[in-house]
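*Asks:* sequence unavailable; structure follows:
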């Protein structure tokens, strides 16, 4: 699976809950803007589900872990950005909507430049956890897994999503 596809799907779907909230709260206006937000949220969620199913059909690599630690705090920090719709400002005017759009664009640039493609609240809702792990060869990687814990010496069968992001095979 191409790295760029994985990054685009994970990035786009990470905004699904936020877009749903915007649609629900009529942040960008009633009617069509709200319908577009909800439709985008739904399509990106379906896209993530399809992506995960496709990823499971890829070949796996067997990786021996030397060290692993939870990275779920990355997802929590990212979700904090979801407070934006609830800050109490009125985005009904064009200035409020423009400011909110600019803020979302800045978040997107930070997300992309920081290579945080694996940080995704939808993955957390689906029961996945994030781990930063070091392999026997000294390589550091991010592992998306449904396990609660990983121990040194564990072997993991995983699908490569990008150069350093892996999805544990189920």
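*Replies:* Cool, got the structure. Computed from a predicted structure; not experimentally measured.
*Asks:* list phi and psi for residue 141.
*Replies:* Here is the backbone geometry of residue 141 (degrees, to the nearest 10): phi -140, psi 170.
*Asks:* so what's the closest residue in space to it that isn't next to it in sequence up against?
*Replies:* Nearest non-adjacent residue to residue 141, counting by C-beta to C-beta, 6 or more residues apart in numbering: residue 164, 4.8 Å away. From N, CA and C alone the C-beta is placed, and that goes for glycine too. By C-beta atoms under 8 Å, 6 or more residues apart in numbering, residue 164 lies in contact with 139, 140, 141, 142.
*Asks:* model confidence for the third one, exactly?
*Replies:* So that's residue 141. Looking at residue 141, its pLDDT is 86.
*Asks:* hmm, it is touching residue 166, no?
*Replies:* Yes: taking C-beta atoms under 8 Å as the definition, residue 141 is a contact partner of residue 166 at 5.8 Å.
*Asks:* circling back: among the contacts of residue 164, which are located in strands?
*Replies:* Per DSSP state E, strands hold the following members of those: 140, 141, 142.
*Asks:* just the helices in this protein please.
*Replies:* Along the chain, the stretches classed as helices by DSSP state H are 3-14, 16-24, 32-55, 72-79, 94-113, 121-125.
*Asks:* how far does stretch 55-74 sit from its chain's centre?
*Replies:* Mean-position distance between stretch 55-74 and its chain equals 15 Å (C-alpha atoms, centre = their mean, to the nearest Å).
*Asks:* same deal with stretch 108-118?
*Replies:* Average the C-alpha atoms of stretch 108-118, do the same for its chain, and the two points are 10 Å apart (C-alpha atoms, centre = their mean).
*Asks:* list the buried residues of it.
*Replies:* Judged by neighbour count using 16 or more other C-beta atoms under 10 Å, the buried positions of stretch 108-118 are 111, 116, 117, 118.
*Asks:* with pLDDT and distance to residue 51 added, can I get these in TSV?
*Replies:* Formatted as TSV, the buried residues of stretch 108-118 follow (pLDDT from 0 to 100; distance: C-beta to C-beta, whole Å):
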residue	pLDDT	distance to residue 51
111	73	17
116	73	17
117	70	12
118	74	13
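*Asks:* is it true that residue 16 touches residue 49?
*Replies:* No: with contact taken as C-beta under 8 Å, residue 16 and residue 49 are classed as non-touching, separated by 10.8 Å.
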